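**Student:** Provide a 3D model corresponding to the input given below.
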Amino acid sequence: MSRPVPQPVKLADDITRQLGQLADHLSQLPAPQAARVIARVLAPEARVLGGVTHLVITASNFAKDAAERGALPAEVWLALGRAANELHDISLDLDEHQGLLQDLGARPATTAAATPPAPAPLVARRHR
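**Tutor:** Predicted coordinates:
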């Protein structure tokens, strides 16, 4: 007889499945709708990225306690701490683009006769 899956594990499985569905939908959306979805995912008011960041911070705190008791290697805690810090930094980097994504998402869908915007060079510079 199999053991029942605890509710938090089911919740994690459901969230993972839904994130996959969201990514699948996102790849099919027209630009304004995709931008609107991305803006909601990245919005700092406890949206998806903020929720994942909070989850990793909580996991890091758990791992710290477990590592102090010898139940987990310290490397697990350190890796989760680094992940939490990186996600936080990424969130801050993306916050500066939130308005642009919201603006793009608020635009009406362009018609075929409309002139598309000029492409921008894809040069990324990370400020540290």
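
**Student:** Phi first, then psi, for residue 6.
**Tutor:** phi -60, psi 150 (degrees, to the nearest 10).

**Student:** For it, give its distance to residue 38.
**Tutor:** 32 Å (C-beta to C-beta, to the nearest Å). C-betas here are computed from N, CA, C, even on glycine.

**Student:** And the next helix or strand past the strand or helix carrying residue 65?
**Tutor:** Assigned by DSSP states H and E, residue 65 falls within helix 48-68. Using DSSP H and E, the helix or strand that follows helix 48-68 in sequence is helix 74-95.

**Student:** Can I get that following helix as PDB, trimmed to CA atoms?
**Tutor:** Output in PDB follows, covering the C-alpha atoms of helix 74-95 (Å, rounded to 0.1, in the frame of the first residue of the first chain):
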ATOM      1  CA  ALA A  74      26.500  22.900   5.500                       C
ATOM      2  CA  GLU A  75      26.900  23.100   1.700                       C
ATOM      3  CA  VAL A  76      23.200  22.700   1.300                       C
ATOM      4  CA  TRP A  77      22.500  25.700   3.500                       C
ATOM      5  CA  LEU A  78      25.200  27.700   1.800                       C
ATOM      6  CA  ALA A  79      23.800  26.800  -1.700                       C
ATOM      7  CA  LEU A  80      20.300  27.800  -0.600                       C
ATOM      8  CA  GLY A  81      21.600  31.000   0.900                       C
ATOM      9  CA  ARG A  82      23.400  31.900  -2.300                       C
ATOM     10  CA  ALA A  83      20.200  31.000  -4.300                       C
ATOM     11  CA  ALA A  84      18.100  33.300  -2.100                       C
ATOM     12  CA  ASN A  85      20.600  36.100  -2.500                       C
ATOM     13  CA  GLU A  86      20.800  35.700  -6.200                       C
ATOM     14  CA  LEU A  87      17.000  35.600  -6.600                       C
ATOM     15  CA  HIS A  88      16.800  38.800  -4.500                       C
ATOM     16  CA  ASP A  89      19.400  40.500  -6.700                       C
ATOM     17  CA  ILE A  90      17.700  39.400  -9.900                       C
ATOM     18  CA  SER A  91      14.400  40.700  -8.500                       C
ATOM     19  CA  LEU A  92      16.000  44.100  -7.900                       C
ATOM     20  CA  ASP A  93      17.500  44.100 -11.500                       C
ATOM     21  CA  LEU A  94      14.100  43.200 -13.000                       C
ATOM     22  CA  ASP A  95      12.200  45.900 -10.900                       C
END
